[in-house]
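K.L.:
please find the sequence and the predicted model below.
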Amino acid sequence: MFSLAAYVLVAFLANKNVWVHGFAHSLQASGGNDTGEEVWFLAQTPWNILHGVNPFANVWLNYPVGLNLMDNTTMPLLGILGAPVTLLFGPIATLNVMVVLGFSASAMAFFVMARRFTDWWLAAFVGGLLYGFCPFAVAEGVAHLFLIFNVVPPLIILVVHRFVSSDDRSPWLYGIALGGCYLAQFYISTEAFASLVIVSCIALVIGGALLFRRLDIDLAKMAKMMAVGIVVAVLGVGYGAWVALEGPHHINGPAQSAVAIAGISSDPAGLIVPTVNQHFTFNEASLGDSYVAQRDANWHIVVDATLENGTYVGVPMLLVLIAGVVLLRRNRFAVFTALMAAAAMVLSMGSHLHVDGYRTVVRLPFIVLAHLPLLSSGSAARYVLYFWLFAALLFALTIDRIRAIAWPDSRFRSTAVCLAVAVVALLPLVPAWPYPSSPAAVPSFFTGSARTLPVGTNVVVFPSSNPGDSSAMIWQAMSDMTFRMPGGYAVFANVPDGKASFDPAPSLLQSAMSSCVAGIPPKLAPTVTRSVLRGWDARYVVVVPGTAGAPCATALFDGALGPHHTEGGVSVWATHAGG
């Protein structure tokens, strides 16, 4: 219980500000539009299930075209897990609670797994700290909940190890457990599921070469267990996978272009250069941040991708891990962890090696994945998660070994040495927490009158959600998802080719509203505005005062629909679209 309490306490520090200022109405301010998108995803899954709406593909966003939620980072399992919080306190609170749960549960899952391999609980505990709060999780925690909820990988190691460690384990039960782990990962993140399958295949090859020949394993039972796991996983992901690939509103081709994500890969120099995500930057954060970045076709930096930069290991931790390999070189499992960590790091470096920001002609294994249809839009840098999984396990094994050989006749001295090594190794990785936060400005209309609308009412909200602003998605989520709306910030299928786009379905009215946001009065005839609204079957139009372009939008809709009325801090027009 101490370990769990400690992990939860550390996780609270990540979002300390939102808990101080109100976890139900404060959000991280550094996550940009992704934060609003995450709130919407957490809200829509339980609401859709309770109201008989397909949680994988619907028209609640980007109306009337809709969107395929399985082509997005929907994380339906987390939406279901957080449903009690959503129903009681709202989806903003759910996101804040799940951030704490994501960090702490990942660390605790690792701790439980690592206790199978260590004699000393504190070795497993510091390993859990390293895994649950590693630089990758800290970076992704800015805006990507689905990438900090990393409970599944340690549980897979735990299930497999428990099965091979005893002759009386049922391949049926353990196969179901194994398949359930992969199933859970699929419904947390389809991208993480894909990378987990790739890493599992690599582990099977390396583990088979190093371990299985040395262990007394019933290969027939092992094969049966794996077969049961595959069947469970395939049956469980079947419908969700079909929706993603062939279902309503699905995209054709990759979700992101190869050029856009080529720079989202690890740089070896980043192993020893900190980023803005670390507390101790040694004035090198700007350099470290640049090692993982969105780049153009000429490899020029477009923008630093700090929330994808989880490569920093630090010199002390790197030395401890190297020392661990030396100390444990006769331990085949330790060698396995070291090789898996190295393999994951190489995968995270992308298709071509780049060092200190300069791209070389050296091709790396990820180039194969980059050309596979279902894997081509995955970010290489995200494979660094598995580096941290195996590095943390090697770290725990190393601390455990040091305790056994340093002053074996003095428990106090050996413990002191181990604690000193752990502190020195972990100190450079201390996160730059807490994340900045700010109040989520939600007009009372959305938590009041909007909740009384008939379910499925079509409402046009200004400013409309788009790649530049996802506020309307937060407002819709806080209205209990009662209404549908055009616009949105997600991955949509363009009409008619189905190519992926972050822009919602275009229309003359959407363009006019975008012009208002840009400060350019649109030249849209009132008759055209009314025609578009009728095509959307929009019953209401809502403009939120104080937002960019609100006076322009108010004039646009006043001219087309007549004078507005004010309600709950917003301007409202009833369109009478139904006749």
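P.N.:
Nice, I can see it.

K.L.:
neighbours around residue 346, how many?
P.N.:
Here the number of neighbours of residue 346 (other Cβ atoms under 10 Å) works out to 18. (Each C-beta comes from the backbone N, C-alpha and C, glycine too.)

K.L.:
tell me how far the helix or strand encompassing it lies from the chain's centre.
P.N.:
According to DSSP states H and E, residue 346 maps onto helix 332-348. Computed by Cα atoms, centre = their mean, to the nearest Å, the chain-centroid distance of helix 332-348 equals 23 Å.

K.L.:
which other helices and strands contact that helix?
P.N.:
Under the contact criterion of 3 or more Cβ pairs under 8 Å, 6 or more residues apart in numbering; DSSP states H and E, helix 332-348 touches helix 190-207, helix 315-327, helix 366-369, helix 384-405.

K.L.:
and the angle from that helix to helix 190-207?
P.N.:
Angle, helix 332-348 to helix 190-207, by axes from the mean of the first three to the mean of the last three Cα atoms, to 10 degrees: 140 degrees.

K.L.:
OK, contacts around the spatially closest residue to residue 505 that is not a sequence neighbour?
P.N.:
Leaving aside its chain neighbours, residue 505 sits nearest to residue 65 (4.2 Å; criterion: Cβ to Cβ, 6 or more residues apart in numbering). Contact analysis of residue 65 by Cβ atoms under 8 Å, 6 or more residues apart in numbering lists 59, 249, 492-493, 495, 504-505.

K.L.:
among these, name the ones in strands.
P.N.:
Members of these lying in strands (criterion: DSSP state E): 492-493.

K.L.:
can you say which of the contacts of residue 65 are buried?
P.N.:
The neighbour count (16 or more other Cβ atoms under 10 Å) marks 59, 249, 492-493, 504-505 as buried among the contacts of residue 65.

K.L.:
turn these into CSV, including distance to residue 257 and pLDDT.
P.N.:
Formatted as CSV, the buried ones among the contacts of residue 65 follow (distance: Cβ to Cβ, whole Å; pLDDT from 0 to 100):
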residue, distance to residue 257, pLDDT
59, 26, 96
249, 20, 92
492, 15, 94
493, 15, 93
504, 19, 89
505, 20, 87
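
K.L.:
closest to residue 317 out of the residues you listed?
P.N.:
Comparing these against residue 317 with Cβ to Cβ places residue 492 closest, at 41.4 Å.

K.L.:
can you tell me how far the nearest residue to residue 481 once chain neighbours are set aside is from residue 87?
P.N.:
Once flanking residues are discounted, residue 481 sits nearest to residue 47: 4.2 Å by Cβ to Cβ, 6+ apart. From residue 47 over to residue 87 the distance is 9 Å, taken as Cβ to Cβ, to the nearest Å.

K.L.:
between the two, who's got more neighbours?
P.N.:
Legend: neighbour count by other Cβ under 10 Å for residue 47 and residue 87, higher for residue 47 (22 against 14).

K.L.:
buried residues, stretch 374-386. List them.
P.N.:
Using 16+ other Cβ under 10 Å as the test for burial, stretch 374-386 gives 375-386.

K.L.:
with stretch 526-540 instead?
P.N.:
Buried residues in stretch 526-540, counted by 16+ other Cβ under 10 Å: 529-530, 532-533, 536, 538-540.

K.L.:
out of those residues, which are inside strands?
P.N.:
Checking the buried residues of stretch 526-540 against DSSP E, those in strands are residue 540.

K.L.:
tell me what the helix or strand where the residue nearest to residue 481 lies is packed against?
P.N.:
Using DSSP H and E, residue 47 maps to helix 33-51. With contacts defined as 3+ Cβ pairs under 8 Å, 6+ apart, the packing partners of helix 33-51 are strand 26-28, helix 76-81, helix 83-89, helix 91-114, helix 471-478.

K.L.:
check contacts around the closest residue to residue 387 other than its chain neighbours.
P.N.:
Once flanking residues are discounted, residue 387 sits nearest to residue 344: 4.1 Å by Cβ to Cβ, 6+ apart. Contact analysis of residue 344 by Cβ under 8 Å, 6+ apart lists 199, 383-387, 389-390.

K.L.:
likewise residue 282?
P.N.:
The neighbourhood of residue 282, defined by Cβ under 8 Å, 6+ apart, consists of residue 274.

K.L.:
for it, give me the pLDDT.
P.N.:
Residue 282 is assigned 91 on the pLDDT scale.

K.L.:
which residues in the stretch 151-300 of the chain form helices?
P.N.:
Secondary structure of the stretch 151-300 of the chain (DSSP state H, counting those that start in this stretch): helices at 152-164, 171-186, 190-207, 219-246, 258-261, 285-290.

K.L.:
one step back: adding pLDDT and distance to residue 317, write the buried residues of stretch 374-386 out as CSV.
P.N.:
Converted to CSV, those look like this (pLDDT from 0 to 100; distance: Cβ to Cβ, whole Å):
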residue, pLDDT, distance to residue 317
375, 85, 30
376, 82, 32
377, 84, 31
378, 88, 26
379, 93, 23
380, 95, 22
381, 96, 19
382, 96, 20
383, 97, 19
384, 98, 14
385, 98, 16
386, 98, 16
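
K.L.:
in this structure, what spans have low per-residue confidence?
P.N.:
Applying pLDDT under 70 to the chain flags residues 31, 212-215, 577-579.

K.L.:
and the residue of it positioned farthest from its centre, which of the three is it?
P.N.:
Distance from the C-alpha centroid of the chain, by Cα atoms, centre = their mean, peaks at residue 409 (46.5 Å). Under DSSP: H, G, I helix; E, B strand; the rest coil, residue 409 falls in the coil class.

K.L.:
phi and psi next, for it.
P.N.:
Dihedral pair for residue 409: phi -90, psi 0, per degrees, to the nearest 10.

K.L.:
of the contacts of residue 344, just say which sits nearest to residue 102.
P.N.:
Nearest to residue 102 among the contacts of residue 344, with distances taken as Cβ to Cβ, is residue 385, at 12.5 Å.

K.L.:
residue 219: neighbour count?
P.N.:
Around residue 219 there are 8 other residues, counting by other Cβ under 10 Å.

K.L.:
one more: residue 236?
P.N.:
Per other Cβ under 10 Å, the neighbour tally for residue 236 reads 17.

K.L.:
coming back round to it: distance of the residue nearest to residue 505 from residue 531?
P.N.:
Distance of residue 65 to residue 531, computed by Cβ to Cβ: 17 Å.

K.L.:
quick one on the thing from earlier: what's the angle from the helix holding residue 346 to helix 384-405?
P.N.:
For helix 332-348 against helix 384-405, the angle by the same axes, to 10 degrees is 150 degrees.

K.L.:
now helix 332-348: buried residues?
P.N.:
So, applying 16+ other Cβ under 10 Å, buried residues of helix 332-348: 332-341, 343-348.

K.L.:
CA atoms of that helix as CSV?
P.N.:
Extracted in CSV, the C-alpha atoms of helix 332-348 (Å, rounded to 0.1, in the frame of the first residue of the first chain):
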residue,chain,number,x,y,z
ARG,A,332,20.0,-14.0,-19.2
PHE,A,333,16.8,-12.2,-18.2
ALA,A,334,18.8,-9.0,-17.5
VAL,A,335,20.5,-9.4,-20.9
PHE,A,336,17.1,-9.8,-22.5
THR,A,337,15.9,-6.5,-20.9
ALA,A,338,19.0,-4.7,-22.1
LEU,A,339,18.6,-6.0,-25.7
MET,A,340,14.9,-5.1,-25.7
ALA,A,341,15.6,-1.6,-24.4
ALA,A,342,18.2,-1.1,-27.1
ALA,A,343,15.8,-2.5,-29.8
ALA,A,344,13.0,-0.1,-28.7
MET,A,345,15.4,2.8,-28.7
VAL,A,346,16.5,2.0,-32.2
LEU,A,347,12.9,1.8,-33.4
SER,A,348,12.2,5.2,-31.8
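
K.L.:
now it against helix 315-327, angle please.
P.N.:
Counting by the same axes, to 10 degrees, helix 332-348 lies at 140 degrees to helix 315-327.

K.L.:
count the residues that sit near the closest residue to residue 532 other than its chain neighbours.
P.N.:
Once flanking residues are discounted, residue 532 sits nearest to residue 509: 4.1 Å by Cβ to Cβ, 6+ apart. By other Cβ under 10 Å, 26 other residues sit near residue 509.
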